[in-house]
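J.: compute the structure for the input listed below.
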Amino acid sequence: MTNTEASSQDGLRALRDRPFELLVELEKRSRAVVAVSAAEPAGAREWVGVAFRMGGETFLAAREETREVLGYPGAVTRIPGVKPWVKGLANVRGQLLPMLDLRQFLGSGPTTSGRNTRIIIVNHKEIPAGLMVDEVLGFRRFAESEFNSEPPQTVIRCDSYLAGAFRRGGEVWPVLKLKNLVDSQSFLQAAS
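T.: Sure thing, here's the model as predicted:
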């Protein structure tokens, strides 16, 4: 603990028997922190996304476009008369959710279900969807200054759903726009 932190803690301890004054001091300090963070330049802002692997490539999906990540459900009920990329329906906490093979939808062959296979639940009010991917790598954080709106070339042909990419060092992280994907006519027409 630095001397400044120690004196700050001592100042708060001196107010522990005076709750109103303690609350006033905490509010004053909170407002000072908010004022400093609001004054930071726009380039210092952070973008957070869910990183996942699909067909040997890594992609990102914006955190706000994903509701949650699940393991592949044990029971998926097949639906007759649908395209092959629709794996079926699964009961996820009492809600029937369609399970869709993202890689197969994009035309790059089916995903083989394995130990690392995950379902990314899309955060969309009207269209519930669980997207099957090879593996989820967790959250990745980037400075907004690392973003380039020019979509990179990918082996999996998903150019129309890419919103650009983050570049850090020699790595390129394409951003898959889940809202555009789920709203697309080819996605909405799942019947064969």
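J.: what's the longest helix in the protein?
T.: Looking across the chain with DSSP state H, the single longest helix is helix 19-38.
J.: elements contacting it?
T.: Counting contacts by 3 or more CB pairs under 8 Å, 6 or more residues apart in numbering; DSSP states H and E, helix 19-38 packs against helix 3-14. All C-beta atoms are positioned from the backbone trio N, CA, C, and that covers glycine.
J.: kindly recompute the last result at 6 Å.
T.: Packing partners of helix 19-38 (3 or more CB pairs under 6 Å, 6 or more residues apart in numbering; DSSP states H and E): none among the helices and strands.
J.: for it, which positions count as buried?
T.: Within helix 19-38, the residues that count as buried by 16 or more other CB atoms under 10 Å are 22, 25.
J.: can you list the buried residues in whichever helix or strand comes after that helix?
T.: As assigned by DSSP states H and E, the chain's next helix or strand after helix 19-38 is strand 46-54. Neighbour-count burial for strand 46-54, counted by 16+ other CB under 10 Å, picks out 47, 49-50, 52, 54.
J.: output those in TSV; the columns should cover pLDDT and distance to F142.
T.: Formatted as TSV, these follow (pLDDT from 0 to 100; distance: CB to CB, whole Å):
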residue	pLDDT	distance to F142
W47	95	5
G49	95	8
V50	96	12
F52	96	15
M54	92	19
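J.: of those, closest to R29?
T.: W47 (27.9 Å; CB to CB).
J.: quick check: beta-bridge partners of the closest one?
T.: Assessed by DSSP bridges, W47 has beta-bridge partners F142.
J.: just the mean pLDDT for the longest helix of the chain, thanks.
T.: Mean per-residue pLDDT for helix 19-38: 75.
J.: residues touching D101, list them.
T.: Applying CB atoms under 6 Å, 6 or more residues apart in numbering to D101 gives the contacts 85, 87, 110-111, 132.
J.: buried subset of those residues, written for PyMOL?
T.: Those of the contacts of D101 that count as buried under 16+ other CB under 10 Å are selected in PyMOL with:
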select buried, resi 85+87+111+132
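J.: quick one: which of the contacts of D101 sit in strands?
T.: Per DSSP state E, strands hold the following members of the contacts of D101: 87, 132.
J.: next, format the contacts of D101 as JSON lines and append distance to F187.
T.: Listed next are those as JSON lines, based on distance: CB to CB, whole Å:
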{"residue": "W85", "distance to F187": "9"}
{"residue": "K87", "distance to F187": "14"}
{"residue": "P110", "distance to F187": "17"}
{"residue": "T111", "distance to F187": "16"}
{"residue": "M132", "distance to F187": "14"}
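J.: report how many residues lie close to A62.
T.: When neighbours are defined as other CB atoms under 10 Å, A62 has 17 of them.
J.: again, but for R18
T.: Residues lying near R18 (other CB under 10 Å) number 11.
J.: any idea how far it lies from E25?
T.: R18 sits at a distance of 9 Å from E25 (criterion: CB to CB, to the nearest Å).
J.: again, but for G55
T.: For G55, the distance to E25 - CB to CB - is 55 Å.
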